[in-house]
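**Student:** next input, structure requested:
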Amino acid sequence: MTATVVQHSTATRLIQQLALQSQEQLTGQLNVSAASGERWSLYFCVGRLIWATNHSHPVRSLRRQLSAYCPEFNFETLAVRESDRFVCWNYQVVWVLLKRKVLDKDTAIAIIEQTITDVLFDLFQQERREPLSFETVHHEALSILRMQIVAVNLKHAVKRAKVALDEWKGAGLVQVSPNLIPVIRNLEGLQENVPAKAFEQLRRKVNGQRTLRELSILTKIEMTRLTKSLVPYIRKRWIDLVPAREIEQPRGERPPAERSPTADDSRKPLIACVDDSPELCQQLGEIIKTAGYDFISITDSVQALPILLEKRPQLIFLDLVMPVANGYEVCTQLRRMSQFTETPIIILTGNDGVVDRVRAKMVKASDFLGKPIDAEKLLATVRKFLEVKVS
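**Tutor:** Residues are numbered from 1 along each chain as shown. The predicted structure is shown next:
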């Protein structure tokens, strides 16, 4: 994996940096550091936020998210091989658990979104205390794109984190990090002044091993309300808040390395269609499969790049007009990757005009095919580019 590092001024604010990476369509990571030694990384794919991590306790954070969203999973049995597929181990774990069907897609997305929210919360809180410094690290697209699970809306993620932080500040907790561990210092004082039932709950759950965030999940009490309930005991010094230590990665039995299926697993040429219309994809699929080819359809343009990288089709049909990313943008991204520099890419459009043809040529599309789809023209186009492979 190659990376280019670009340093930025410490005067740049976090929110501006996030917007800049989105605007410049970063594929890589934004590293953030504080003078106190804290470090974080936010990971982007073509300018879209896909993961974030706090380098002080990534394993603890992952365990917390799994206990919240997949409580039946035994974290200590987790076994994921180290690899260079992705630069962040805890994200790789989520990806592998999704592939193994331990997590479903919605659960994996929920874990990713909450992890990003927690990291942004911590960053905004830290930014109030001391200046932050930033660096961008650019990675080759392949390792990031093929493992993308979801692209998180940056504005929504920032809003969620700011709302949570405002609530935290409103409760008078601005100087308290939710990553601190409450530890009972005066057991006798608590026992004498707290009702027996409440004391027993405190003694059992505030065991010096759980952060405020982890306690919130264990007790199913919202984090701000839980922490506020501990404040009287903290002021009396019956309970102290101490930094959390990172935990070790679990050492379960190592399984065989996961392997992504590719087009080479099939003897038939694989043809892909990227179009937001399920009806059109179904129509193309019926024609193409009847002619003896394999076929996959992709109706979400955001997921097109990672799926195409995983499947490696021999020919791609690409709709011109799609939400979020149009056909020209997707084609441009594909041509930047060595895996697709020679792959035939056919633009599908209902407007077969001169301007569209010129733009298609500029982004190095191989050909044009008009809508509505004509079966004979479709198959003639396929044979034009795959005739050598099919014969």
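
**Student:** what average pLDDT does stretch 112-125 get?
**Tutor:** The pLDDT scores in stretch 112-125 average 97.

**Student:** outside of it, which residues touch it?
**Tutor:** The contact list for stretch 112-125 (Cβ atoms under 8 Å, 6 or more residues apart in numbering) reads 14, 32, 40, 42, 49-54, 61-62, 65, 68-69, 94, 132, 149-150, 152, 157-158, 160-162, 164-165, 168, 174, 177-179, 213. (Each C-beta comes from the backbone N, C-alpha and C, glycine too.)

**Student:** report the distance from that stretch to the chain centre.
**Tutor:** 13 Å (Cα atoms, centre = their mean, to the nearest Å).

**Student:** in the stretch 251-391 of the chain, where is pLDDT below threshold?
**Tutor:** 252-267, 324-325, 352-353, 355-356, 387-391 (pLDDT under 70).

**Student:** mind listing the helices for it?
**Tutor:** 278-290, 301-311, 327-335, 354-362, 375-390 (DSSP state H, counting those that start in this stretch).

**Student:** show the contacting residues for residue 25.
**Tutor:** 46, 47.

**Student:** wait, a strand at it?
**Tutor:** No: using DSSP: H, G, I helix; E, B strand; the rest coil, the assignment for residue 25 is coil, not a strand.

**Student:** okay, which residue is most central for the chain?
**Tutor:** residue 50 (2.8 Å; Cα atoms, centre = their mean).

**Student:** helix, strand or coil: sort out that one for me.
**Tutor:** strand.

**Student:** rewinding a little: in PyMOL, select just the buried ones from the contacts of stretch 112-125.
**Tutor:** The following PyMOL line selects those of those that are buried, judged by 16 or more other Cβ atoms under 10 Å:
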select buried, resi 14+32+40+42+49+50+51+52+53+54+61+62+65+68+69+94+132+149+150+152+157+158+160+161+164+165+168+177+178+179+213
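
**Student:** restricted to strands, list the contacts of stretch 112-125.
**Tutor:** Cross-referencing these against strands under DSSP state E gives 32, 40, 42, 49, 50, 51, 52, 53, 54, 132.

**Student:** what is the nearest of those to residue 332?
**Tutor:** Within the ones in strands among the contacts of stretch 112-125, proximity to residue 332 (Cβ to Cβ) peaks at residue 50, which comes in at 19.7 Å.

**Student:** surely the closest one touches residue 154?
**Tutor:** No: under the criterion of Cβ atoms under 8 Å, residue 50 makes no contact with residue 154, lying 10.7 Å away.

**Student:** give the contact list for residue 189.
**Tutor:** Residue 189 touches 236, 238, counting by Cβ under 8 Å, 6+ apart.

**Student:** oops, could you answer that again for residue 60 instead?
**Tutor:** 211, 214, 244, 246, 247.

**Student:** narrow those to those in strands?
**Tutor:** Going by DSSP E, the strands hold none of those.

**Student:** is there a quick PyMOL command that grabs whichever of those are buried?
**Tutor:** Selection of buried members from those for PyMOL, criterion 16+ other Cβ under 10 Å:
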select buried, resi 211+214+244
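
**Student:** most widely separated two among the ones in strands among the contacts of stretch 112-125?
**Tutor:** Across the ones in strands among the contacts of stretch 112-125 (Cβ to Cβ), the longest gap, 20.9 Å, separates 50 and 132.

**Student:** list the contacts for residue 102?
**Tutor:** Residue 102 neighbours (Cβ under 8 Å, 6+ apart): 70, 73.

**Student:** let's verify it: helix, strand, or coil?
**Tutor:** Criterion first, three-state DSSP; result for residue 102: coil.

**Student:** ok, it to residue 367 distance?
**Tutor:** 42 Å (Cβ to Cβ, to the nearest Å).

**Student:** and the chain, what are its domains?
**Tutor:** 3-170, 181-242, 263-390 (automatic domain parsing).

**Student:** figure out which of the ones you listed is closest to residue 251.
**Tutor:** Nearest of the domains of the chain (Cβ to Cβ): domain 3-170, 7.6 Å.

**Student:** hang on, residue 92 packs against residue 62?
**Tutor:** No: taking Cβ under 8 Å as the definition, residue 92 is not a contact partner of residue 62, at 10.2 Å.

**Student:** and the helices in the stretch 101-250 of the chain?
**Tutor:** 105-129, 141-145, 154-170, 187-193, 196-205, 212-219, 223-235.

**Student:** lowest average confidence across those helices, which one?
**Tutor:** helix 141-145 (a mean of 68).

**Student:** wait, residue 231 sits on residue 175?
**Tutor:** No: contact criterion Cβ under 8 Å: residue 231 and residue 175 do not qualify, at 11.4 Å.

**Student:** quick one: which of those two has more around it?
**Tutor:** residue 231 (14 against 9; other Cβ atoms under 10 Å).

**Student:** find the nearest non-adjacent residue to the more buried one, please.
**Tutor:** residue 172 (7.4 Å; Cβ to Cβ, 6 or more residues apart in numbering).

**Student:** got the confidence number for the one you found?
**Tutor:** For residue 172, the predicted pLDDT is 94.

**Student:** now it: phi and psi?
**Tutor:** Backbone geometry at residue 172, expressed as degrees, to the nearest 10, gives phi 80, psi 30.

**Student:** what is the neighbour count of it?
**Tutor:** Going by other Cβ under 10 Å, the residues that sit close to residue 172 add up to 11.

**Student:** number the residues from 652 up from this point.
**Tutor:** Done: numbering now begins at 652, and the last item shifts to residue 823.

**Student:** ok, it to residue 875 distance?
**Tutor:** 10 Å.

**Student:** count of residues packed around residue 686?
**Tutor:** 11.

**Student:** any idea how far residue 1008 is from residue 931?
**Tutor:** 20 Å.

**Student:** no further questions, thank you.
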